[in-house]
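S.K.: attaching a predicted model along with its sequence, questions to come.
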Amino acid sequence: MNPIARQVTALLFSSPEPVSRADLCEAIGCAEPRLDDAVEELRARFAPQETGIVLREVAGGLTFSSDPEADDAVRRLLAKPRTPPLSQAQAECLSIVGYLQPVSRPEIARIRGVNSDSPVTTLEERGLIEERGRTQFGAILYRTTPLFQKLFGLESLKSLPDIKSFEPSAEDEQQLRDKLLKAGEQRVS
Amino acid sequence: MNPIARQVTALLFSSPEPVSRADLCEAIGCAEPRLDDAVEELRARFAPQETGIVLREVAGGLTFSSDPEADDAVRRLLAKPRTPPLSQAQAECLSIVGYLQPVSRPEIARIRGVNSDSPVTTLEERGLIEERGRTQFGAILYRTTPLFQKLFGLESLKSLPDIKSFEPSAEDEQQLRDKLLKAGEQRVS
Amino acid sequence: MTTVEQPWTLDLEVFEGPFDLLVTLILNEDVDLLEVHLAEIVLAYIERLEARGELDLEAATEFLILIAALLELKSRLMLPSDDEEGLGLEPAEAADELLARLLEYKKFRAASEWMHARFDAERPYSYRAAPLPPELRRVAFDAAEQAYEPARLADAMLGLLRTPPVVDTSHMTRITVSLERRLAVVRDLLASRDSFTFDDAVGADSDRMTQAVTLFALLELYKTGELVWRQRETFGPIEIMVPAES
């Protein structure tokens, strides 16, 4: 491996957080194009099923993770319980914060139709969302954290799928409207 | 690299501590001689000036470290002044401590309307606030540090922006404190 | 219209909140809404919350409101629209409003499925958990330069001094009927008479919310064995009695 690629590897290995390309260039003292070449070399070297370590681009920077193929062994060694799955309530709240951020608790509750304090608190404890200011009425606003991007393998928030792709189709909408009206009419009888 | 060598790499990468050969064998589920072969392969692969990561055999077992040839770059990256932007939660806690000091953790939580242990701990780690005695009930009291004044460019605590001009009813510190606690209670209810 | 012989069963475990339930209920092709007994769903839903150890009156109330919205929609459709007085929304508007909320919810529900899938796919990647040594977590005093604006502290302080406006809840009196109060009323009646009717329990000029909450109170007491009830004919009076000693 060329010297810059080796330095990048050492930096990514040492840093607890993903490192941006700009910070890598600054620490190494090299120009961006040379860094890009080095990153390409790393990408091949630390590809899945190559060395046990894989290069990932998440949360606005580069970082290493262990290869998923070694997941079982890693868990046995670290006696690590599997990260608890997201509950449905947490996943819904996380989607709302992810797409509407910054967004307040009352707004989350309004969209879900249920009080959402408990899943919001849990997401905050899990480090997936954090406070970001307050509304004019003093309610805390939330946004997602860099850890969210890291755990969801997102390079940035722009890597989230377009929210439009989740919108019910015009057909679905029409069907829902028809059924809703029909439900209302049926109940008249 | 062979599959066992890849697994060993993933394990050493993931573990914050050195790992003994016995623990590696157990986690991977392989016999010691096969592990020894894999370690030999790693020793060549992760030799100094090869990849930026080096394999080391220390008292507790095997571990990775960054290649000393990259020490200067690592230091430049990690020793960058630790003044990341303040989160909203941190800014609120810091302003409460700044204006009301000394102030206890439970009081900070009451004013903000949410548990504030995490931002308070981060502010303490970053050297912006420090402990200053305890209340009669044993809660730790906090005050700002000289580093806080330096990072905010304040000559003294008297140079904090004047709150009275925005909130005329907060004549003195006691009134400000009462108003804040009352606002905090209203937000929670 | 087909008759559904087999009562339709609803696996309530899979629902998150009333919108989720409603969307499913309304869109389920196999379900003839005429055959779905809303009261049973209410009961099953509340029981589920209770079984989970989270009988949160707030959540239960939200659910009742949603069911009430559906019933209200029905009742408004019964009325010629020009007869409506003092009602905030026209029936079509009421339907549109409910529809808009259901659609919005459905969108985030779909996004949450993506979140689940992504989270699971990413779980096998482990990142190194080696935190920075403490001495690198703060800037050295001598090297420190101004990095923050004091105005940030004043802004934060002013944010903390703001309070929410007092919310006008006069239009919400319908949902301030307390379950505890209705339970007490029913228990008093049980203590003083052998039997009484639902109309006795709600009072002569009760509103719909009082009726709904009283029904909920009766369901609770039925479940705990404090009362039994019967209705001899459809739409006839509901009689409530102290259970016979066994």
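M.R.: It's in.

S.K.: low-confidence stretches in the chain?
M.R.: By default, I'm working from chain A. Across chain A, the ranges flagged by pLDDT under 70 are A:80-82, A:180-189.

S.K.: that was the other one, I meant chain C.
M.R.: C:1-95, C:130-137, C:164-177, C:205, C:245-246.

S.K.: which parts of the chain are helices?
M.R.: Because you didn't say which chain, this covers chain A. Along chain A, counting by DSSP state H, helices occupy A:3-14, A:21-28, A:32-45, A:71-78, A:88-100, A:105-112, A:117-125, A:146-151, A:170-186.

S.K.: wrong one, chain C
M.R.: C:17-27, C:38-51, C:57-78, C:91-122, C:150-161, C:179-192, C:198-202, C:208-223.

S.K.: contacts only, for the residue nearest the centre of chain A.
M.R.: The residue lying closest to the centre of chain A (C-alpha atoms, centre = their mean) is A:Gln149, at 2.9 Å. A:Gln149 is in contact with A:Val58, A:Ala59, A:Gly60, A:Glu155, A:Ser156, A:Leu157, A:Ser159, counting by C-beta atoms under 8 Å, 6 or more residues apart in numbering or on different chains. C-beta here means a position set from N, CA and C on the backbone, and glycine is covered the same way.

S.K.: what do you get for C:Glu220?
M.R.: C:Leu179, C:Leu183.

S.K.: still on that earlier bit, how about the helices of chain A in a markdown table, adding distance to C:Gln146?
M.R.: Output for those, formatted as a markdown table (distance: least, C-beta to C-beta, whole Å):
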| stretch | distance to C:Gln146 |
| --- | --- |
| helix A:3-14 | 28 |
| helix A:21-28 | 21 |
| helix A:32-45 | 29 |
| helix A:71-78 | 42 |
| helix A:88-100 | 33 |
| helix A:105-112 | 35 |
| helix A:117-125 | 31 |
| helix A:146-151 | 25 |
| helix A:170-186 | 54 |
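
S.K.: between the ones you listed, which gets nearest to B:Leu86?
M.R.: For the helices of chain A, distance to B:Leu86 was read as C-beta to C-beta. The smallest value, 15.0 Å, belongs to helix A:146-151.

S.K.: chain center to the closest one: distance?
M.R.: Put simply, helix A:146-151 sits 4 Å off its chain's centre (C-alpha atoms, centre = their mean, to the nearest Å).

S.K.: over to stretch A:48-67?
M.R.: 15 Å.

S.K.: ok, stretch A:129-146 next?
M.R.: In this view, stretch A:129-146 has its centroid 17 Å away from the chain centroid, taken as C-alpha atoms, centre = their mean.

S.K.: so which of the contacts of A:Gln149 belong to strands?
M.R.: If you go by DSSP state E, those have A:Val58 in strands.

S.K.: now, which of the contacts of A:Gln149 sits nearest B:Thr135?
M.R.: A:Ala59 (39.4 Å).

S.K.: residues contacting that closest one?
M.R.: A:Glu17, A:Pro18, A:Pro146, A:Leu147, A:Gln149, A:Lys150, A:Leu154, A:Glu155, A:Ser156.

S.K.: in ChimeraX, select just the buried ones from these.
M.R.: Buried members of those, defined by 16 or more other C-beta atoms under 10 Å in any protein chain shown, are picked up in ChimeraX with:
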select /A:18,146,147,149,150,154
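
S.K.: in stretch C:226-239, what counts as buried?
M.R.: Across stretch C:226-239, burial judged by 16+ other C-beta under 10 Å covers C:Leu227, C:Ile238.

S.K.: no further questions, thank you.
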